[in-house]
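# below are the sequence and a predicted model for it; my questions follow.
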Amino acid sequence: MSEVGFIFDLDGVIVDTAKYHYLAWKNLANELGFEFTKEQNELFKGVSRKRSLELLLEMGNVKATKEQFDAWMAEKNQDYLAYIEKMDASEILPDVPKVLEFLKSNVIPISLGSASKNAKPILEKVDLLSYFDTIVDGNSVSKAKPDPEVFLIAAEKLRVLPENCIVFEDAVAGVKAANAANMISIGIGDKEVLREANFVFEDFTEISLDFLKKLAKI
Ligand code: B16
Ligand code: MG
């Protein structure tokens, strides 16, 4: 049993699927008769599909019956999956494989901790699934980030104490969830936006092997 465990968010950390979520939500908004901007899409990062549709309908001032709501969620996901279908390893964010390889070669357990219900097929598409000892995603949790549930389940599955887990996150809600789980939070993105994180890097190219070794206690 390893002393430490590493947990990766998916969208915004491993791949940039936010652009496909954006296109799919925009298509739905346009169909419902209103615009949806990239700035508005920022609010959807790390947020569950259901909560995202609630926000979208609020933005467009659209009311929905339960049946309509479910149909629009399914429609958005169908649309999103068509974009995902075309993904390949070229969409992996810079230096992610280098970090995963380093952890794997040092036998450090790795988990995914994502809100997405499509996490597994995406990791398969970009050929990274084999690096993960366990996958905790939107199918395994009942409470969305900033609730720590997703990361606490990941720690349990990795059999590592929460305080010995390191979380990579690009969303404010995700950083809050990692902090609430009593884990080390590493923000990937803007220092101003992710100021609650213990450390923040623009991307993985800024993270040195020395820093990883310190985190991994090796
Ligand atoms: P799905 P993450 C999140 O992924 C996305 O950031 C968010 O925009 C999306 O609504 C959510 O997954 C659910 O995705 O519709 O595929 O279940 O950042 O937690 O990896
Ligand atoms: Mg994310």
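Nice, I can see it. Ligands and ions are numbered 1, 2, ... in the order given.
# looking at the protein, which helix or strand is least sure?
Of all the helices and strands that make up the chain, helix 38-42 has the lowest average by mean pLDDT, DSSP states H and E, namely a mean of 92.
# anything in that one near ligand 2?
No. Judged by C-beta under 5 Å from the ion, helix 38-42 makes no contact with ligand 2; its nearest approach is 11.5 Å. Using the backbone N, CA and C atoms, a C-beta is placed for each residue, glycine as well.
# buried residues in that helix, which are they?
Under the neighbour-count criterion of 16 or more other C-beta atoms under 10 Å, helix 38-42 has 40-41 buried.
# what's it in contact with?
18, 21-22, 25-26, 59 (C-beta atoms under 8 Å, 6 or more residues apart in numbering).
# and the end-to-end length of stretch 78-96?
28 Å (C-alpha to C-alpha, to the nearest Å).
# host element of Gly174?
In this assignment (DSSP states H and E), Gly174 forms part of helix 172-180.
# cool, and Ser52?
Ser52 belongs to helix 49-60, assigned by DSSP H and E.
# next one: that helix to chain centre, how far?
19 Å (C-alpha atoms, centre = their mean, to the nearest Å).
# can you check stretch 42-58 too?
Computed by C-alpha atoms, centre = their mean, the chain-centroid distance of stretch 42-58 equals 14 Å.
# in CSV, list the C-alpha atoms belonging to it.
Presented in CSV, the C-alpha positions along stretch 42-58 are these (Å, rounded to 0.1, in the frame of the first residue of the first chain):
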residue,chain,number,x,y,z
GLU,A,42,-17.0,29.2,-17.7
LEU,A,43,-19.7,28.9,-15.1
PHE,A,44,-20.4,25.3,-16.3
LYS,A,45,-16.8,24.0,-15.6
GLY,A,46,-16.8,21.2,-13.1
VAL,A,47,-20.6,21.5,-12.7
SER,A,48,-22.8,18.4,-13.3
ARG,A,49,-24.8,18.0,-16.4
LYS,A,50,-28.1,18.4,-14.6
ARG,A,51,-27.0,21.6,-12.8
SER,A,52,-25.6,22.9,-16.1
LEU,A,53,-29.0,22.5,-17.8
GLU,A,54,-30.7,24.3,-14.9
LEU,A,55,-28.3,27.2,-15.3
LEU,A,56,-28.7,27.3,-19.1
LEU,A,57,-32.5,27.4,-18.8
GLU,A,58,-32.2,30.2,-16.2
